[in-house]
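Trainee: Quick one: sequence and predicted model below, then my questions.
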Amino acid sequence: MIRSVLLSLLVFACPARAEFSREYLDQQPLEISSANGISIAYRSLGELGQPAVIMIMGLGASHVVWGDAMAQGLQNKGFRVILLDNRDTGASTRFDDWGQPTLWWQLLKFQLGAPVDAPYTLNDMAADTIALMDVLELQDAHIVGASMGGMIAQVIAARYPERTRSLVSIMSTTGAPHLPPPSAEASNSLRGTATNSDDAAERRAAMVERGFYPEVMGRQMMAVFKTGDRSEEVATISRPTLVIHGALDTLMPPPHGEHTAEMIKGSELVVFNSMGHDLPEEILPEMLTKMTQHMQAADGPSRLPVSVK
């Protein structure tokens, strides 16, 4: 059971859309800076001096997976948008020399309460983001994360509240052990993929084309497990928080988002009925409106961004 849960996570843990535009993002300069002892790749959209938004993507995903609609939507509302590649992903420092974890063994240790082996944790990834903010001379920023990126964003808000203007946690989780595992639908889909090598190869090729890096997913999943249940830490978050989840999420069912919101005093929970573990194009306008209103309220009247026509 626990092995199938891990494999489900490895296949489905990244927010994905069959088609999404990244033409605008690909045209923007990709910058690489030394931060926290590694190299972090990122793109910066918008003007200096505008309220900053840091965008953190999920398991094995580069920043381009956010897509043009999300990135430009925030930029056009007057925000400076910084999209980064997490360590071990995209053009940021890779940890290939560490090798690949033996997944069944590491997950068995996790289930038995023994420490798992991992080259880094979510705490390290949060520290990478803060170090990049230092490089960019950002005193604070709105922190937005999806899936595993939402977990990293939660760590930032809890450990670095003075650097967090607001938090937006999208289709993510606290990692609490009582929360439900992936649904039978997700597991059945996985089994269908695993039994057909041609389908699996095609799926991997499609993931790479869309900005995912399957070879790093095992290491990043071990980072999630090594960090463990973050419920107590999440409960300390005091910055304005918006929790977004999908009613159709089969990887992290809705109780994951509900528990996150329950742990954070004063947070707002928004559940989209037509959203799964993805960012559907049809709900992006409403999602962007919710995010913008949330961030503008956190900025206060003296720091409201101005819409760009």
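Mentor: Looks like it arrived, so ask away. Residues are numbered from 1 along each chain as shown.

Trainee: all helices for the stretch 101-250 of the chain, in order.
Mentor: 103-111, 122-135, 148-159, 184-194, 197-209, 217-227, 231-234 (DSSP state H, counting those that start in this stretch).

Trainee: Lowest mean pLDDT across those helices, which one is that?
Mentor: Here the lowest mean pLDDT among those goes to helix 184-194, at a mean of 50.

Trainee: Please work out how many residues are found near the residue nearest to S39 when sequence neighbours are not counted.
Mentor: Of all residues not flanking S39 in the chain, T93 sits nearest, at 4.7 Å (CB to CB, 6 or more residues apart in numbering). The C-beta positions use only the backbone N, C-alpha and C, and glycine is treated the same way. Each residue near T93 was counted by other CB atoms under 10 Å, and the total is 19.

Trainee: any idea how far M221 is from R204?
Mentor: Here the distance between R204 and M221 works out to 16 Å (CB to CB, to the nearest Å).

Trainee: wait, I meant R210
Mentor: 19 Å.

Trainee: more neighbours, these two?
Mentor: Between R210 and M221, M221 has the larger neighbour count (other CB under 10 Å), namely 25 against 19.

Trainee: Was I right to think that one contacts D88?
Mentor: No - contact criterion CB atoms under 8 Å: M221 and D88 do not qualify, at 11.2 Å.

Trainee: Surely H245 touches H256?
Mentor: Yes - the pair H245 / H256 is scored as a contact, 7.1 Å apart, by CB under 8 Å.

Trainee: Need the residues touching each of these two.
Mentor: M171 (CB atoms under 8 Å, 6 or more residues apart in numbering).

Trainee: which one of these two has more residues nearby?
Mentor: Taking other CB under 10 Å, H245 and H256 do not tie; H245 has more neighbours (27 against 21).

Trainee: residue contacts, that one?
Mentor: I170, M171, M252, P254, H256, G257, E258, L269, V270, V271, F272, M275.

Trainee: correct me, but the second one touches I283?
Mentor: No - checked against CB under 8 Å, the pair M171 and I283 is beyond contact range at 11.9 Å.

Trainee: what do those two both touch?
Mentor: Joint contacts of M171 and I283 (CB under 8 Å, 6+ apart) are M275.

Trainee: Those two: which is more packed in?
Mentor: M171 (28 against 17).

Trainee: where's that one relative to G211, distance?
Mentor: Distance from M171 to G211, by CB to CB: 17 Å.

Trainee: Likewise for A158?
Mentor: 28 Å.

Trainee: Equivalent analysis for V144, please.
Mentor: Distance from V144 to G211, by CB to CB: 17 Å.

Trainee: Have a look at these two and say which one is more surrounded.
Mentor: It is V144, of V144 and G211, that has more neighbours when counted by other CB under 10 Å, with 28 against 24.
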